[in-house]
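Student: Next comes the sequence, and after it the predicted model I'd like to discuss.
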2 protein chains.
Amino acid sequence: MTAKEANQLNLNQLIKDGLVGAEKAMFDVTTSDVEVLRDASHHILNAGGKRVRPRLLLLAYIALGGTDIEYIAKPAAAVELMHTASVVHDDINDHGVMRRGRPSVNSIWGRTFALLTGDFLFTAVYELMSGYKDLNIDLAQSATALVEGETLQASAVKENNFTREMYMQIIALKTAALFRAASTIGAKLANATQAEIDAFANFGFNIGLAFQITDDILDIIADEETLGKTAGIDIEQGRGIGVALQKANGKSVAVKDDPIESIKRKMLEGDTIEKSRKQAQQLVDMAIMSLSIIPDSEAKTELVNLANLVINRDH
Amino acid sequence: MTAKEANQLNLNQLIKDGLVGAEKAMFDVTTSDVEVLRDASHHILNAGGKRVRPRLLLLAYIALGGTDIEYIAKPAAAVELMHTASVVHDDINDHGVMRRGRPSVNSIWGRTFALLTGDFLFTAVYELMSGYKDLNIDLAQSATALVEGETLQASAVKENNFTREMYMQIIALKTAALFRAASTIGAKLANATQAEIDAFANFGFNIGLAFQITDDILDIIADEETLGKTAGIDIEQGRGIGVALQKANGKSVAVKDDPIESIKRKMLEGDTIEKSRKQAQQLVDMAIMSLSIIPDSEAKTELVNLANLVINRDH
């Protein structure tokens, strides 16, 4: 075995241990005595998800020399739970019936308990982070940004005022801010210099933007079976990249025959998806460039792979 | 002017400055660029409320010798905002149309924006507390308890299984835990000893229980005009102290003519309210006793007054 192979094996073990630790921390903190909170939280956590935020935190930490995987399990869990909380509340507001291939929390437990489950996940984040003194502000500010982004989106939909600029502002707040926090927290936990923190802030922010653009593209072209959530919801609600194609979903989305058919045709003829794909690629390129000050390593290669995976995926 | 009078004047000024500081911190942290979050947050904050939680935190701090009022403005704001967040979400789940004499957030901005406003207030709490390193766990755990209490209550209503024991468990979680956190945080900010922290934990917890019992009694006997929130909602949802009287509210609550009249009569004939009043009085007595280890002072007298006010109020 070469030294490089040994490093790669070691890295794989660190990543595995880190993700297992984060998973355990998520389940532990949500194991409430209150049955419905525990069951609903574990339901959504057991449904999986890509765990891209904890992975980002973990890789930033390792790339800067961090090795104490136990120490970072809770922050890694916190960034994923923050995302999960927003997903549970999002599904209430959007009447989403499927999430990650399973019925959504609101579709099983109803709106009241889904609202409380989302609140519970928010307070779990706060509990998980309470021991990490200087990092609370990073996560708190990204949490506020997330809620602001969701609100701007709901306002834009309501006012039917959805420009490309507003779209970028919304995804910066609702998605990229938490990616930036995950990346920055990983760096800070490894006692990064300010230059390194800035590099990881840029890296996280840009792949966050690319991630959301890709998500919206996938939403537009998704088949419900492959995506595993109520396809078309983001479009039906007026979100996404301006114009949109929708797979009719007989159960949850009212089929508006003619308008959708017309949008669909417009979409397939237009170049909006292609333009958005190019933009996501540019953001990933910028993200990777911002890591140039970090010495090469297997972990850095994994970060580059993660950045590329963010845009090259089918769900 | 006697020394005692001078101390009292000084205390009054500290309390005033502390509450003004907390108020400013609440408005500052909720002054989002996102209009609806700012407007809805300021709407509910401008409606007033008793500010009993920040007052408790403030008095605990002063009674233990604290004088740096600026230092405690943010934690004092945080405990009130945590309560406010729960109120906004509670009004969604209960379809409450009035709160603190004003239309509720959900009745003005609708459910989607009310849900997001509640989330925003939660994240604002987290932001406010991010600089107070060792106190995060107190507030985080009380926030989790609050959500657990609300959830137990909703479960009990749904299953129509509402015992006196369950009632006590619910109010311990949904109300008394945050009172305890406010009191404990105030003590800790004044560098209290463990014995002092324990005394203030007991004080806060017991007046929290008494406060909720009194709230539920008031809800039962309230007139909508004097209470300033949608009277009868807590009863209509099956909460409160077992049996209940309801003022019919034509707008928001379906009037169930016969059952309510029958409950009303039962209530007025029974002794449930009187029993509950006695229990609240006992809890306040216990709260005051737990302060016996604290030296007498004007601030301690104010704490005793606060404890008595918790049960002797008409709104």
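Tutor: All right, it came through fine. Everything numeric here is computed off the predicted structure, so don't read it as measured data.

Student: right, and A:Phe205 touches A:Leu173 too?
Tutor: No - checked against CB atoms under 8 Å, the pair A:Phe205 and A:Leu173 is beyond contact range at 11.1 Å. From N, CA and C alone the C-beta is placed, and that goes for glycine too.

Student: Now do the shared contacts for the two.
Tutor: Residues touching both A:Phe205 and A:Leu173 (CB atoms under 8 Å, 6 or more residues apart in numbering or on different chains): none.

Student: host element of the closest residue to A:Asn202 other than its chain neighbours?
Tutor: Of all residues not flanking A:Asn202 in the chain, A:Ser290 sits nearest, at 4.0 Å (CB to CB, 6 or more residues apart in numbering or on different chains). Using DSSP states H and E, the element containing A:Ser290 is helix A:272-290.

Student: What's the mean pLDDT across that helix?
Tutor: Helix A:272-290 shows a mean pLDDT of 93.

Student: Kindly report the same for stretch A:162-171.
Tutor: Rounded mean pLDDT across stretch A:162-171 is 87.

Student: That stretch and chain B, are they touching?
Tutor: No - using CB under 8 Å from any CB of the partner chain, stretch A:162-171 stays clear of chain B, with a minimum separation of 9.8 Å.

Student: Can you list the buried residues in that stretch?
Tutor: For stretch A:162-171, burial by neighbour count (16 or more other CB atoms under 10 Å in any protein chain shown) applies to A:162, A:167, A:169-171.

Student: Show me the strands in the stretch 1-150 of chain A, by range?
Tutor: Taking DSSP state E, counting those that start in this stretch as the test, the strands found in the stretch 1-150 of chain A are A:98-99, A:102-103.

Student: any chance of these in CSV, plus mean neighbour count and distance to A:His43?
Tutor: Formatted as CSV, the strands of the stretch 1-150 of chain A follow (neighbours: other CB atoms under 10 Å in any protein chain shown; distance: least, CB to CB, whole Å):
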stretch, mean neighbour count, distance to A:His43
strand A:98-99, 22, 10
strand A:102-103, 16, 7
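
Student: Which of those strands has the lowest mean pLDDT?
Tutor: Among these, strand A:98-99 scores lowest, with a mean of 91.

Student: re earlier: the residue nearest to A:Asn202 contacts A:Ile207, doesn't it?
Tutor: No - with contacts counted by CB under 8 Å, A:Ser290 stays clear of A:Ile207, the gap being 9.9 Å.

Student: right, and A:Tyr71 touches A:Leu189 too?
Tutor: Yes - using CB under 8 Å, A:Tyr71 is in contact with A:Leu189, at 6.9 Å.

Student: Who has more neighbours out of these two?
Tutor: Neighbour count, other CB atoms under 10 Å in any protein chain shown: between A:Tyr71 and A:Leu189, A:Leu189 has more, with 22 against 15.

Student: How about the contacts made by that one?
Tutor: Counting by CB under 8 Å, 6+ apart, A:Leu189 makes contact with A:57, A:61, A:66, A:71-72, A:75, A:132, A:135.

Student: roughly how far apart are it and chain B?
Tutor: Relative to chain B, A:Leu189 is positioned 16 Å away (CB to the nearest CB, to the nearest Å).

Student: Per-residue confidence, that residue, what does it come out as?
Tutor: For A:Leu189, the predicted pLDDT is 98.

Student: Arrange the strands of the stretch 1-150 of chain A in TSV, one row each, with distance to chain B as further columns.
Tutor: Shown next, in TSV, are the strands of the stretch 1-150 of chain A (distance: least, CB to the nearest CB, whole Å):
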stretch	distance to chain B
strand A:98-99	17
strand A:102-103	19
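
Student: mind checking which of these is nearest B:Ala124?
Tutor: Closest approach to B:Ala124 among the strands of the stretch 1-150 of chain A is made by strand A:98-99 (26.8 Å; CB to CB).

Student: and the closest one, which strands flank it?
Tutor: Here strand A:98-99 is paired, per DSSP bridges, with strand A:102-103 (antiparallel).

Student: Let me see the contact set for the closest residue to A:Ile273 other than its chain neighbours.
Tutor: Nearest residue to A:Ile273 in three dimensions, chain neighbours excluded: A:Ile217, at 5.6 Å (CB to CB, 6+ apart). By CB under 8 Å, 6+ apart, the residues touching A:Ile217 are A:241, A:273, A:276-277, A:280.

Student: who wins for neighbours among those?
Tutor: A:Ala280 (24 neighbours).

Student: picking that back up, kindly reformat the strands of the stretch 1-150 of chain A as JSON lines containing distance to A:Thr31.
Tutor: As requested, the strands of the stretch 1-150 of chain A are exported to JSON lines (distance: least, CB to CB, whole Å):
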{"stretch": "strand A:98-99", "distance to A:Thr31": "21"}
{"stretch": "strand A:102-103", "distance to A:Thr31": "19"}
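
Student: what's the spacing between the residue nearest to A:Asn202 and chain B?
Tutor: To chain B, A:Ser290 is 26 Å away according to CB to the nearest CB.

Student: Tell me the confidence at the nearest residue to A:Arg277 once chain neighbours are set aside?
Tutor: Leaving aside its sequence neighbours, A:Arg277 sits nearest to A:Ile217 (CB to CB, 6+ apart; 6.5 Å). On the pLDDT scale, A:Ile217 is placed at 84.

Student: so how far is the helix or strand where A:Ile217 lies from its chain's centroid?
Tutor: Assigned by DSSP H and E, A:Ile217 belongs to helix A:194-221. Here helix A:194-221 shows a centroid-to-chain-centroid distance of 9 Å under the convention CA atoms, centre = their mean, to the nearest Å.

Student: Equivalent analysis for stretch A:155-168, please.
Tutor: Per CA atoms, centre = their mean, the centroid offset for stretch A:155-168 relative to its chain is 21 Å.

Student: distance of the residue nearest to A:Ile273 from B:Asn161?
Tutor: From A:Ile217 across to B:Asn161, the span is 48 Å (CB to CB, to the nearest Å).

Student: Show me what from the stretch 101-250 of chain A comes close to chain B.
Tutor: Within the stretch 101-250 of chain A, the positions adjacent to chain B are A:111-113, A:115-116, A:118-120, A:122-127, A:129-131, A:133-134, A:136-137, A:139-141, A:143-144, A:146-148, A:150-152, A:154-155 by CB under 8 Å from any CB.

Student: Filter these down to the buried ones, ChimeraX style.
Tutor: Typed into ChimeraX, the line below selects the buried ones among these, using 16+ other CB under 10 Å:
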select /A:111,112,113,115,116,118,119,120,122,123,124,125,126,127,129,130,136,139,140,141,143,144,146,147,148,150,151,152,154,155
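
Student: A:Pro295 - how many residues pack around it?
Tutor: Neighbours around A:Pro295, by other CB under 10 Å: 10.

Student: Surely it is within a strand?
Tutor: No - A:Pro295 is assigned coil when assessed by DSSP: H, G, I helix; E, B strand; the rest coil, not a strand.

Student: got the contact list for it?
Tutor: Counting by CB under 8 Å, 6+ apart, A:Pro295 has no contacts.

Student: Look up how far chain B lies from it.
Tutor: 31 Å.

Student: ok, the residue lying closest to A:Ala172 once chain neighbours are set aside to chain B distance?
Tutor: What sits nearest to A:Ala172 in space, not counting adjacent residues and going by CB to CB, 6+ apart, is A:Leu209, at 6.5 Å. From A:Leu209 across to chain B, the span is 19 Å (CB to the nearest CB).
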